[in-house]
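[1] Have a look at this fold, sequence not included:
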């Protein structure tokens, strides 16, 4: 099994356990009580701002790197990102390999006004209702985990809930599927989720596969200002940056340098 297969299987097990606690109907009712969110507009406008918008990630660990942050003051990290001008904050909620949690996500949502992306491995629409109840503005949909009917269903549910969807592709076929399904924000991942290797040129190769009018996000592999400048030059609207900021000795300074390079 690939790493992505394992992540997907564990996500399905988590959804099954969550359904034992609260059915999908319960989550739907709770979402109706809260009303439709305004997250889709907030997230999209943040990414569409002039220059290269930065989605800054709060991440404690990963399958490829193991433990990234032994000391993990996640609220302080998110506040650094917000104060430094992050367009959005991505927070991992996958618990086994990334050591994330819904509680971490809630705490960050309560502490910062910045649009929030719930980053998890969506295999069921149940997780989108969870994202809405957590206070997310956007959810991640990975094409490698969803066929086109499932992707279209997830996009429809995001629309009903007022969530933005960051639809992630890694190759030409997935980018075409995202466009055909009507994705408004497409992220091209430079990381191959099957073996977690990184090819920073992948975003450039797939740039033309994302139609005009669709926001283009480059994900993974940004190490410093030169990478941010390169992404802006190829026409990326935003970049998702994780490990480079999580490992930085001075996160505000590192974020400021990336922002300058992306203007």
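    Perfect, thanks for sending it. What you see is a predicted model, and the numbers here were worked out from it, not measured in a lab. Numbering: from 1, shown residues only.
[2] okay, CA-based contacts and neighbour counts for the rest of this
    Fine.
[3] Can you show me the helices along the stretch 1-150 of the chain?
    The residue ranges that make up the helices of the stretch 1-150 of the chain, judged by DSSP state H, counting those that start in this stretch, are 3-21, 24-34, 39-47, 74-83, 102-111, 126-134, 148-161.
[4] looking at those helices, which is closest to residue 203?
    Ranking the helices of the stretch 1-150 of the chain by their distance to residue 203 (criterion: Cα to Cα) puts helix 39-47 first, at 16.7 Å.
[5] List the buried residues of that closest one.
    Buried residues in helix 39-47, counted by 16 or more other Cα atoms under 10 Å: 39, 40, 42, 43, 44, 46, 47.
[6] Residue 147 and residue 154, how far apart?
    When distances are taken as Cα to Cα, to the nearest Å, residue 147 and residue 154 turn out to be 11 Å apart.
[7] between the two, which one's more packed in?
    Regarding residue 147 and residue 154, a neighbour count based on other Cα atoms under 10 Å identifies residue 154 as having more, with 23 against 12.
[8] Quick check: closest non-adjacent residue to that one.
    By the measure of Cα to Cα, 6 or more residues apart in numbering, the closest residue to residue 154 outside its immediate chain neighbours is residue 125, 5.9 Å from it.
[9] From what I see, residue 254 and residue 243 are in contact.
    No: using Cα atoms under 8 Å, residue 254 makes no contact with residue 243, being 11.6 Å away.
[10] got the phi/psi numbers for residue 219?
    Dihedral angles of residue 219 (phi, psi; degrees, to the nearest 10) stand at phi -120, psi 140.
[11] Show me where the stretch 1-150 of the chain dips below the pLDDT cut-off.
    Confidence mapping of the stretch 1-150 of the chain against pLDDT under 70 gives zero matching residues.
[12] switch the cut-off to 90
    Applying pLDDT under 90 to the stretch 1-150 of the chain flags residues 1, 3, 37, 63-65, 69-70.
[13] if we can go back for a sec, tell me, how many neighbours does the residue nearest to residue 154 end up with?
    A total of 19 residues lie near residue 125 under the criterion other Cα under 10 Å.
[14] Quick check: phi and psi at the closest residue in space to residue 146 that isn't next to it in sequence.
    Nearest residue to residue 146, sequence neighbours excluded (Cα to Cα, 6+ apart): residue 123, at 7.0 Å. With angles defined as degrees, to the nearest 10, residue 123 sits at phi -120, psi 0.
[15] Can you add distance to residue 33 and give the buried residues of helix 39-47 back as a markdown table?
    Rendered in a markdown table, the data for the buried residues of helix 39-47 read as follows (distance: Cα to Cα, whole Å):
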| residue | distance to residue 33 |
| --- | --- |
| 39 | 16 |
| 40 | 18 |
| 42 | 21 |
| 43 | 22 |
| 44 | 24 |
| 46 | 27 |
| 47 | 28 |
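[16] ok, and what's touching stretch 9-18?
    94, 121, 122, 123, 124, 126, 127 (Cα atoms under 8 Å, 6 or more residues apart in numbering).
[17] Could you rerun that using 7 Å?
    Contacts to stretch 9-18, defined as Cα atoms under 7 Å, 6 or more residues apart in numbering, come from residues 121, 123.
[18] Repeat that for stretch 168-179.
    With Cα under 7 Å, 6+ apart as the contact definition, stretch 168-179 has outside contacts at 141-143, 148, 167, 186-190, 192, 206, 209-210.
[19] Can you flag which of the residues you listed belong to strands?
    141, 142, 167, 186, 187, 188, 189 (DSSP state E).
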